[in-house]
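In: give me a 3D structure for the following:
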Amino acid sequence: QVQLVESGGGLVQAGGSLRLACVASGRTFSSYAMGWFRQAPGKEREFVAAIGWSGVATDYADSVKGRFTISRDNAKNTVYLQMNSLNPEDTAVYYCNAIRNWSKRDPLYENWGQGTQVTVSS
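Out: Sure thing, here's the model as predicted:
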């Protein structure tokens, strides 16, 4: 069973930046596309960004395009999310997961990590 551990969240003012990291256990990390998802209070979890297994292909939700950048380091089993120009609407718990279907942007694993809280103040 793969374990996913997210970190890097915090409290930041609007316009600020944060860099999230997700470390995945298991030897097959580099075989999978990976993604970031987020869940705001009272809302369903939504897709944020994805990156292909080689790190070349990327995909972003329209709401974060141009502000967020996803990257990965397969040697460290880690996927990152650089978040710039944050606004209060970005406030959520952020999770990572492998990607089951690239076009559908859906997660592979049913079990999620604990996530990392991002709070953006206005």
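
In: look up the closest residue to Leu18, ignoring the ones flanking it.
Out: Met83 (4.9 Å; CB to CB, 6 or more residues apart in numbering). For glycine as for every other residue, the C-beta is placed from the backbone atoms N, C-alpha and C.

In: what about the nearest residue to Gly115 once chain neighbours are set aside, which helix or strand?
Out: Spatial nearest neighbour of Gly115, chain neighbours left out: Val93 (4.0 Å); criterion: CB to CB, 6+ apart. Using DSSP states H and E, Val93 falls within strand 92-101.

In: what pairs with that strand, parallel or antiparallel?
Out: strand 34-39 (antiparallel), strand 106-107 (antiparallel), strand 116-121 (antiparallel) (DSSP bridges).

In: those strands: lowest mean pLDDT?
Out: Among those, strand 106-107 has the lowest mean pLDDT, at a mean of 94.

In: how about the contacts made by Thr78?
Out: By CB atoms under 8 Å, 6 or more residues apart in numbering, the contact set of Thr78 is Ala21, Cys22, Val23, Ala24, Arg72.
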